[in-house]
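Engineer: Using only what follows, build the 3D model:
(4 chains)
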Number of protein chains: 2
Amino acid sequence: MRQQAPVRKGVGRPRKGDQDKSDSASRILDEAEALFAAHGFHGVTLREIAARAKVDAALLHYYFQHKKGLFDAVWERRAEVLNRERLDAMERYASTHAGRMTVEGAIEAFLGPLMDPQRHREAGWRNYFTLAALVSNSAAWGGEMMGRFFDPVVKRLIELIATALPDARQDELYWSYHMLSGALMLTLSETGRLDTLSGGLCSSADIESLAPRMVRYAAAGFRALCQPAR
Amino acid sequence: MRQQAPVRKGVGRPRKGDQDKSDSASRILDEAEALFAAHGFHGVTLREIAARAKVDAALLHYYFQHKKGLFDAVWERRAEVLNRERLDAMERYASTHAGRMTVEGAIEAFLGPLMDPQRHREAGWRNYFTLAALVSNSAAWGGEMMGRFFDPVVKRLIELIATALPDARQDELYWSYHMLSGALMLTLSETGRLDTLSGGLCSSADIESLAPRMVRYAAAGFRALCQPAR
DNA sequence: GTCTATAACTGGATAGAC
DNA sequence: GTCTATCCAGTTATAGAC
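Structural biologist: Model (predicted):
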């Protein structure tokens, strides 16, 4: 009678105030995020998540109905935050640099919220990024999930770069974005491969070093494809 | 008495001749490859694999002991072929172009066997590439599995590019390779994302278009990072 | 080599008490 | 909201007949 069935949206239900951080539902989301990121959807059991969140397993169903519902809630929670920030960053850049936008500037705004060193110090965000990277390269879900949430951000980036490179063909912009996206996702995946490959010379967790290089590398790539007859 | 237990290596056991293609063991490998690529290790059951390969489920254990053994066999079967071909291609390039190697040439040799259009028409190879892309971005296995089999090829690529860009710093070569690797893996993942994102303008399955662009994009990126004070 | 049978367990999900 | 109890379908893996 007081409040009956679980609602389908987001983060379970706070009572009326919104101090819902660190209560059961968001602890569940945090641990689900960490485990899904590490082992993928099928590599994790609801019991594991419940145990690590220190809640009863039945609670996961109470809040999120089924496993996929929990996964989606994890996915959406931070996607919305990121989308807002990235669109804002690009808008800010576009309006402060109208008429003199550069490829580098556009990419920097696009990447900013994903490469923020502060954010990479938070385990929650790092786990989320790792999850996104895994989903990105998964044949079954990659196209759908990445597209559903992140396409508007990408479209905006391409508009900005098209302004900076007015002679660029649309398809070359998309090909170029594809390369950037791959590099970004591998970076976020935190497999540690670069570390061992380079014998410790580089670490993919070292985003302070990586971010500016990703901008320069990608900008050069965009120019090579989109500014051909030069 | 004749032959007792399964051996631990590779592709089950051919009798004495080696016409083992299309018999049970390799059908199992083919179907496992397709399913692992689509859903990941945990997203697939041995029963499914057996059903699709039209063999009894117990046979999978006879040949490969356990699920992980089957997965490893799938992984190794084509890894060895690829490694040989890629090293050969780079060696051929290095010896025919001694003293006049280019970044483009080195990358082209490195990518060649992965981007061969003929090969991309075979479902088996396509599945394998998809699987590699998935593993590549998986936090749990990516570092270990990619490194164990593919590091020598990467090391050789970096040597060749270092010859073409003699002033390059080692770490910048590794950072650059990281970007190339990410783009390559996303390409191989075949999620269809680029297709819908671009509204059909581009398709990531269209490797005839993608391959030369990947070479140019990456070469420009390498130069941007490794040839700084120019 | 292939198949039957089954052991031994784990998975997601739900009903209902508190 | 949280927990107990439980259902039952599906999982890997093995023993042993043919």
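Engineer: Show the pLDDT at residue A:6.
Structural biologist: On the pLDDT scale, residue A:6 is placed at 44.
Engineer: Could you do the one 3 residues further on as well?
Structural biologist: The predicted local confidence for residue A:9 comes out at a pLDDT of 41.
Engineer: In chain A, spot the helix with the most residues.
Structural biologist: For chain A, the helix with the greatest residue count under DSSP state H is helix A:67-96.
Engineer: That helix and chain B in contact?
Structural biologist: No. With C-beta under 8 Å from any C-beta of the partner chain as the criterion, chain B is not reached by helix A:67-96; the gap is at least 12.3 Å. Yep, even glycine has a C-beta here, placed from its N, CA and C like the rest.
Engineer: With DNA strand D in mind, check whether that helix reaches it.
Structural biologist: No. Looking at helix A:67-96 against DNA strand D by C-beta under 7 Å from any atom of the strand, there are no contacts, and the closest approach is 13.6 Å.
Engineer: got the CA coordinates for the following helix or strand past that helix in CSV?
Structural biologist: Downstream of helix A:67-96, the next assigned helix or strand under DSSP states H and E is helix A:103-115. Output of helix A:103-115 as CSV, limited to C-alpha atoms (Å, rounded to 0.1, in the frame of the first residue of the first chain):
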residue,chain,number,x,y,z
VAL,A,103,40.5,19.5,-35.1
GLU,A,104,42.5,19.3,-32.0
GLY,A,105,40.1,21.5,-30.0
ALA,A,106,37.1,19.5,-31.1
ILE,A,107,38.6,16.2,-30.2
GLU,A,108,39.8,17.6,-26.9
ALA,A,109,36.3,18.6,-25.9
PHE,A,110,34.9,15.3,-27.1
LEU,A,111,37.4,13.3,-25.0
GLY,A,112,37.6,15.6,-22.0
PRO,A,113,35.1,14.0,-19.7
LEU,A,114,36.4,10.5,-20.5
MET,A,115,40.0,11.4,-19.9
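Engineer: in chain A, what spans have low per-residue confidence?
Structural biologist: Chain A contains residues with pLDDT under 70 at A:1-22, A:229-230.
Engineer: Quick check: the residue of it nearest DNA strand D.
Structural biologist: residue A:56 (3.2 Å; C-beta to the nearest atom of the strand).
Engineer: which residues sit in contact with the nearest residue to that residue once chain neighbours are set aside?
Structural biologist: Spatial nearest neighbour of residue A:56, chain neighbours left out: residue A:50 (6.4 Å); criterion: C-beta to C-beta, 6 or more residues apart in numbering or on different chains. Contacts for residue A:50 were tallied using C-beta atoms under 8 Å, 6 or more residues apart in numbering or on different chains; they are A:28, A:56-57, A:59-60.
Engineer: moving C-terminal of the strand or helix carrying residue A:151, what's the next helix or strand?
Structural biologist: Assigned by DSSP H and E, residue A:151 belongs to helix A:142-164. From helix A:142-164 onward toward the C-terminus, using DSSP H and E, the following helix or strand is helix A:170-189.
Engineer: Kindly spell out which helices and strands sit in contact with that next one.
Structural biologist: Secondary-structure packing of helix A:170-189 (3 or more C-beta pairs under 8 Å, 6 or more residues apart in numbering or on different chains; DSSP states H and E): helix A:103-115, helix A:123-136, helix A:142-164, helix A:207-226, helix B:170-189, helix B:193-197, helix B:207-226.
Engineer: how many degrees apart are it and helix B:170-189 in direction?
Structural biologist: Relative orientation of helix A:170-189 and helix B:170-189, computed by axes from the mean of the first three to the mean of the last three C-alpha atoms, to 10 degrees: 110 degrees.
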